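Q: Need coordinates for the below:
(one chain, ligands or ions: 1)
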Amino acid sequence: MRTPFIAGNWKMNKNPKETQAFLDAVKGKLPDASKVETVIGAPAIDLTTLVAGAEGTPLKTAAENCYFEDEGAYTGETSPKALKEMGVDYVIIGHSERRGYFHETDEDINKKAKAIFKNNLLPIICCGESLTQREAGQTEDWVASQIEAALAGLTADQVKVAVLAYEPIWAIGTGKTATADQAQEVVAHIRATVEKLYNKDTADAVRILYGGSVKPANVKELMAKPDIDGGLVGGASMDSESFIALANYQD
Ligand SMILES: O=C[C@H](O)COP(=O)(O)O
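A: Alright, predicted model coming up:
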């Protein structure tokens, strides 16, 4: 039984003061982590505030990126070792914005996944196709290749506790959600890819999210699909009322 997972990704939004205001607003309104795991991914500058405010609540925390080395002369990068030491739980890697704007490769993402596990953090690994790729019928091969590359060298036990996220680029921040059937189809293909690379136990255990214009109005329909275990939510995660509604989608 996979615990549902609702994660916000604030991207480059909110400062520490706004982070604290969000934490104050959601306090006592999120479900128990055994019912729905809730996570906020925030800019590095907000993580100290986020981790302190989440302590003793069901909310878990995520960084939106990290480097693949623990420390050294890498100006501007974020250390996974330091993220662990400060109490962060997850790191989002492979987001299409990082792949696109910052030229991150599959190889970088794989190195980051390994560094995340080495530091006893957990990755949320994103994949997804462009509109051109979808229209050319390349979606399934493309996301399978991204997942295979990201997971290369990871053990089945690591993959079982990793979180994968299918985010079609054409649905991110556009208001254009993939239909629940479209999302289910690709998420099921990602699960089948994990089964092919590892085994059925691993594929049954790994949680796979859908991301792309998820909001309180469509979360129920998406979550009703058998392979969709959660949402990676951008825009609709920034407003506390909206995040509370997403987290409590079962009520
Ligand atoms: O990581 C989140 C995704 O990029 C989705 O963003 P969105 O919910 O604003 O479309």
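
Q: Quick one: name the residues of the stretch 101-250 of the chain near the ligand.
A: By the rule Cβ under 6 Å from any ligand atom, the part of the stretch 101-250 of the chain lying against the ligand is 167, 172-173, 211-214, 232-236. Every residue, glycine included, has its C-beta placed from N, CA and C.

Q: Would you mind measuring from the nearest residue to Ala44 once chain neighbours are set aside to Ile93?
A: In space, Ala44 comes closest to Thr78 once its chain neighbours are excluded; the distance is 5.1 Å by Cβ to Cβ, 6 or more residues apart in numbering. In this view, Thr78 and Ile93 are 11 Å apart by Cβ to Cβ, to the nearest Å.

Q: The two: who's more crowded?
A: Neighbour totals were compared for Thr78 and Ile93, and Ile93 leads with 27 against 17 (other Cβ atoms under 10 Å).

Q: Bridged to that one, which residues?
A: Taking DSSP bridges as the rule, Ile93 bridges to Ile125.

Q: so what sits against both of Thr78 and Ile93?
A: Both Thr78 and Ile93 are in contact with 65-66, where contact means Cβ atoms under 8 Å, 6 or more residues apart in numbering.

Q: Just the strands from the stretch 151-251 of the chain, written as ranges.
A: Using DSSP state E, counting those that start in this stretch, the strands of the stretch 151-251 of the chain run over residues 163-166, 207-210, 230-233.

Q: what residue of the protein is the furthest out?
A: Using Cα atoms, centre = their mean, the residue of the chain lying farthest from its centre is Ala73. It sits 27.8 Å away.

Q: how about the helices of the stretch 151-251 of the chain, start to end?
A: Counting by DSSP state H, counting those that start in this stretch, the stretch 151-251 of the chain has these helices, from start to end: 156-161, 180-197, 200-205, 219-223, 240-247.

Q: Among those, single out whichever gets nearest to Gly100.
A: Among the helices of the stretch 151-251 of the chain, the nearest to Gly100 by Cβ to Cβ is helix 180-197 (18.9 Å).

Q: That closest one - what's its average pLDDT?
A: Across helix 180-197, pLDDT averages out at 98.

Q: Show me how far it is from its chain's centre.
A: Taking the mean of its C-alpha atoms, helix 180-197 sits 16 Å from the chain's own mean (Cα atoms, centre = their mean, to the nearest Å).

Q: which strands and helices sit next to it?
A: helix 139-151, strand 163-166, helix 200-205, strand 207-210, helix 219-223 (3 or more Cβ pairs under 8 Å, 6 or more residues apart in numbering; DSSP states H and E).

Q: Need the contact partners of that helix.
A: Contact partners of helix 180-197, identified using Cβ under 8 Å, 6+ apart, comprise 127, 139-140, 143-144, 147-148, 151, 159, 164, 166, 168, 177-178, 202-203, 206, 208, 210, 212, 218, 221-222, 224-228.

Q: What's the ChimeraX syntax to select whichever of the residues you listed are buried?
A: In ChimeraX syntax, the buried subset of the contacts of helix 180-197 is picked out as below (16 or more other Cβ atoms under 10 Å):
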select :127,139,140,143,144,147,148,151,159,164,166,168,177,178,202,203,206,208,210,212,218,222,225,227,228
